[in-house]
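Participant: Below are the sequence and a predicted model for it; my questions follow.
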Number of protein chains: 2
Amino acid sequence: MTPLLDEFNKKSLRALSKSISAAENRDPQVLEMLAQLYGKTGNARVFGITGPPGAGKSTLISHFVKYIRQKKQSVAVIAVDPMSPFTGGALLGDRIRLIDHFIDDKVFIRSLSTRGKLGGLSVASRQVIDLVDAFGFDYVIVETVGVGQSEVDIRNLADTTLVVLVPEAGDAIQTIKAGLLEIADLFLIHKSDREGAEKLQNSLSDVVRFADKQTPVLLSSIQREQSIEAVFKNLNSFYEKHQPMIQERKNAAAKSAIVELIESELARAAHVWVETKVQNPGNPYTFVQDFWKTHRIDKFFSQ
Amino acid sequence: MTPLLDEFNKKSLRALSKSISAAENRDPQVLEMLAQLYGKTGNARVFGITGPPGAGKSTLISHFVKYIRQKKQSVAVIAVDPMSPFTGGALLGDRIRLIDHFIDDKVFIRSLSTRGKLGGLSVASRQVIDLVDAFGFDYVIVETVGVGQSEVDIRNLADTTLVVLVPEAGDAIQTIKAGLLEIADLFLIHKSDREGAEKLQNSLSDVVRFADKQTPVLLSSIQREQSIEAVFKNLNSFYEKHQPMIQERKNAAAKSAIVELIESELARAAHVWVETKVQNPGNPYTFVQDFWKTHRIDKFFSQ
């Protein structure tokens, strides 16, 4: 057993933090750790919260944290940020830290962001969720910024996914793509004191029905705290009522983890090979055609 | 020669459109076509325009198209959209089509969006740029929405990249990450009639100097059309003045194309293999550890 794993098993938050950094940095020792820790995962309720910037996700999450602490349970909040150079990095960690009345050792907050490569965030996020799950947190809340492609992965990372919209999204309801319907276990129209909330609730409910789904469309507002507590209760009851489906998702997630880990290692090898072996690429398309004449991927997989 | 390539070589716009769709769908016949067409690429000026939604990129581009047509030259506009389920697909094509006074067969407009897989957009975008370049367009303007990770690739797709900001970005200047400095050949503060434009120009110029760069920071406004024409002239003079660097970029882009094509084929094979061979993933980390014990990627590459 590595010293880090040893410390981790002794519930050292410092060891957890170090393991998460190692996952972000794609340090191979994390794989070794996770291979040994995987048996301890599967006990946390993993809730994904996604939605456009400014939808109020962080405020919702800070309330969820409060409810969890009122029940004396523990929670890890993981903010996953695709790191747009325009919007800056994930700020949730900093914002939520300010609300310090609930900051104790049963509340763990961490922002993850990409270190360059596309897809790397997905591998790291999954590993970090497995790490905090294995560490023993009762809840894991995964916040993803609803821009770019990365939020599509949330369904594969979380047990239950809440999609947060604001009333103004109603103007763009026709642009809310089918993808969202597939992601959402619950829709929430937050800031529902603003104009257009009921209208959006109605039109989104129509869309849900039209797609032959039963996804609830909730309303909440910071002005009515019970509405936020109701959202949290809905997440929990969804989790409790849909156990067989959630187990299927966990199974699919484990398969995705395998694909991603193999893929990322193959990608790394391809990068290194091209960087070291290809001096003058010439016609890249001819190059790749020739490459596949001599490199048999089918043989690789049938080893 | 395939019938599609034959039509393409006869300058059929329908054949071009079909080839682009094939690239989006990852149809292998595109690789075959591109292998034969690659020798005809490298003549177009490929300008990348990136920036946050609402920065006025489409309006700028519609002016650039006008200037290009005034010189009787041809242009292909490619809008690359990471397809956020919240923001909807790329609308540039539709928006720009409305300004129909310059729509003729020397102006080709196309929106690309992802079909699912992360990274796929980058492969397809590069192929589409090569297709329109080989088709004979004098200019290729690539618009990317500055959200998510995908815009980072623009440097590798375009010869010259313009990063468009608006005066309001000044409030968030500290969040404009170093990545942007690496992407931008030219910064533009558009909508400069709004408050804060000069202030942002000054602070951004400070950042540029501090990073030991010479990236110009331009101002433009739709109210002063000469300011927009000046941006277009700046793009052209950057392209003309930095030919050795642009050739290096093209060389790097060809290498990236090779990496991406090999990577995406490896990823596809990994997906298929896991889907067909892995019934019960169990502990995915142990699974992957075992996988690498029997599957030798070094041997695959040294074939």
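Facilitator: Cool, got the structure. Quantities reported herein were computed from a predicted structural model and do not represent experimental measurements. Numbers count the residues shown, from 1 in each chain, chains lettered A, B, ... in the order given.
Participant: and residue A:250, how far is that from chain B?
Facilitator: 10 Å (CB to the nearest CB, to the nearest Å). C-beta coordinates here come from the backbone N, C-alpha and C atoms, glycine included.
Participant: which element is that residue on?
Facilitator: helix A:243-277 (DSSP states H and E).
Participant: Please apply the same query to residue A:142.
Facilitator: Residue A:142 belongs to strand A:139-145, assigned by DSSP H and E.
Participant: Equivalent analysis for residue A:162, please.
Facilitator: Short version, using DSSP H and E: residue A:162 is in strand A:160-165.
Participant: pull the CA atoms of that strand into PDB?
Facilitator: The C-alpha coordinates for strand A:160-165 follow below in PDB (Å, rounded to 0.1, in the frame of the first residue of the first chain):
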ATOM      1  CA  THR A 160     -29.400  11.900 -10.600                       C
ATOM      2  CA  THR A 161     -29.100  15.100 -12.700                       C
ATOM      3  CA  LEU A 162     -30.800  18.400 -12.100                       C
ATOM      4  CA  VAL A 163     -30.900  20.800 -15.000                       C
ATOM      5  CA  VAL A 164     -31.300  24.400 -13.800                       C
ATOM      6  CA  LEU A 165     -32.900  27.000 -16.100                       C
END
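Participant: what residues does it touch?
Facilitator: A:45-52, A:55-57, A:60, A:146, A:154-155, A:176, A:180, A:183-190, A:200, A:204, A:231, A:235, A:238-239, A:242, A:246 (CB atoms under 8 Å, 6 or more residues apart in numbering or on different chains).
Participant: quick check: angle from that strand to strand A:139-145?
Facilitator: With axes from the mean of the first three to the mean of the last three CA atoms, to 10 degrees defining the directions, strand A:160-165 sits at 40 degrees from strand A:139-145.
Participant: for strand A:160-165, the distance to its chain's centre please.
Facilitator: 11 Å (CA atoms, centre = their mean, to the nearest Å).
Participant: got it, and stretch A:45-64?
Facilitator: Distance, centroid of stretch A:45-64 to centroid of chain: 11 Å (CA atoms, centre = their mean).
Participant: cool, stretch A:211-228 as well?
Facilitator: Distance, centroid of stretch A:211-228 to centroid of chain: 21 Å (CA atoms, centre = their mean).
Participant: Output that stretch in PDB with nothing but the alpha carbons.
Facilitator: C-alpha atoms of stretch A:211-228 as PDB (Å, rounded to 0.1, in the frame of the first residue of the first chain):
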ATOM      1  CA  ALA A 211     -41.000  13.600 -26.000                       C
ATOM      2  CA  ASP A 212     -42.900  11.000 -24.100                       C
ATOM      3  CA  LYS A 213     -41.000  11.700 -20.900                       C
ATOM      4  CA  GLN A 214     -42.100  12.200 -17.300                       C
ATOM      5  CA  THR A 215     -39.400  14.600 -16.200                       C
ATOM      6  CA  PRO A 216     -40.800  16.900 -13.600                       C
ATOM      7  CA  VAL A 217     -40.400  20.700 -14.100                       C
ATOM      8  CA  LEU A 218     -40.000  22.400 -10.700                       C
ATOM      9  CA  LEU A 219     -40.000  26.000  -9.800                       C
ATOM     10  CA  SER A 220     -37.800  27.600  -7.100                       C
ATOM     11  CA  SER A 221     -36.800  31.000  -5.800                       C
ATOM     12  CA  ILE A 222     -34.400  32.100  -3.200                       C
ATOM     13  CA  GLN A 223     -37.300  34.200  -1.800                       C
ATOM     14  CA  ARG A 224     -39.200  31.000  -0.900                       C
ATOM     15  CA  GLU A 225     -36.700  28.700   0.800                       C
ATOM     16  CA  GLN A 226     -39.200  25.900   1.100                       C
ATOM     17  CA  SER A 227     -39.100  25.700  -2.700                       C
ATOM     18  CA  ILE A 228     -35.400  25.000  -2.600                       C
END
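Participant: for it, which positions count as buried?
Facilitator: Buried residues in stretch A:211-228, defined by neighbour count with 16 or more other CB atoms under 10 Å in any protein chain shown: A:215, A:217-221, A:227-228.
Participant: Excluding sequence neighbours, find me the nearest residue to residue A:155.
Facilitator: Once flanking residues are discounted, residue A:155 sits nearest to residue A:183: 5.1 Å by CB to CB, 6 or more residues apart in numbering or on different chains.
Participant: Report how many residues lie close to that neighbour.
Facilitator: Neighbourhood size, residue A:183 [other CB atoms under 10 Å in any protein chain shown]: 25.
Participant: I'd guessed it sits against residue A:50; true?
Facilitator: Yes - counting by CB atoms under 8 Å, residue A:50 is a contact partner of residue A:183 at 6.8 Å.
Participant: ok so, going back, please name every helix or strand in contact with the helix or strand just after the helix holding residue A:250.
Facilitator: With elements assigned by DSSP H and E, the helix or strand that comes after helix A:243-277 is helix A:284-294. Here helix A:284-294 touches helix B:29-37, helix B:243-277, going by 3 or more CB pairs under 8 Å, 6 or more residues apart in numbering or on different chains; DSSP states H and E.
Participant: mind checking which helix or strand of chain A has the lowest mean pLDDT?
Facilitator: Here the helix or strand of chain A ranked lowest by mean pLDDT, DSSP states H and E is helix A:92-98, holding a mean of 49.
Participant: need the next SSE after that one, C-terminal direction.
Facilitator: Remark: after helix A:92-98, the chain's next helix or strand is strand A:107-113, criterion DSSP H and E.
Participant: what packs against that next one?
Facilitator: helix A:13-24, strand A:75-81, helix A:92-98, helix A:120-135.
Participant: 6 Å instead, please
Facilitator: The contact analysis (3 or more CB pairs under 6 Å, 6 or more residues apart in numbering or on different chains; DSSP states H and E) places strand A:107-113 against strand A:75-81, helix A:92-98.
Participant: Low-confidence ranges, chain A, go.
Facilitator: A:1, A:81-103, A:114-120, A:145-153, A:170-179 (pLDDT under 70).
Participant: Mind checking the helices and strands packed on helix A:284-294 for the one nearest to residue B:124?
Facilitator: Minimum separation from residue B:124 across those (CB to CB) falls at helix B:29-37, 8.9 Å.
Participant: Pull the residues that contact whichever helix or strand comes after the closest one.
Facilitator: Of the helices and strands lying after helix B:29-37 in sequence (DSSP H and E), the nearest is strand B:45-51. The contact list for strand B:45-51 (CB atoms under 6 Å, 6 or more residues apart in numbering or on different chains) reads B:57, B:139-144, B:146, B:151, B:154, B:158-164, B:235, B:239.
Participant: Apply 7 Å and report the result again.
Facilitator: B:57, B:60-61, B:129, B:138-144, B:146, B:151, B:154, B:157-165, B:183, B:235, B:239 (CB atoms under 7 Å, 6 or more residues apart in numbering or on different chains).
Participant: re earlier: will you turn the helices and strands packed on helix A:284-294 into CSV that also has distance to residue A:278?
Facilitator: As requested, the helices and strands packed on helix A:284-294 are exported to CSV (distance: least, CB to CB, whole Å):
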stretch, distance to residue A:278
helix B:29-37, 16
helix B:243-277, 6
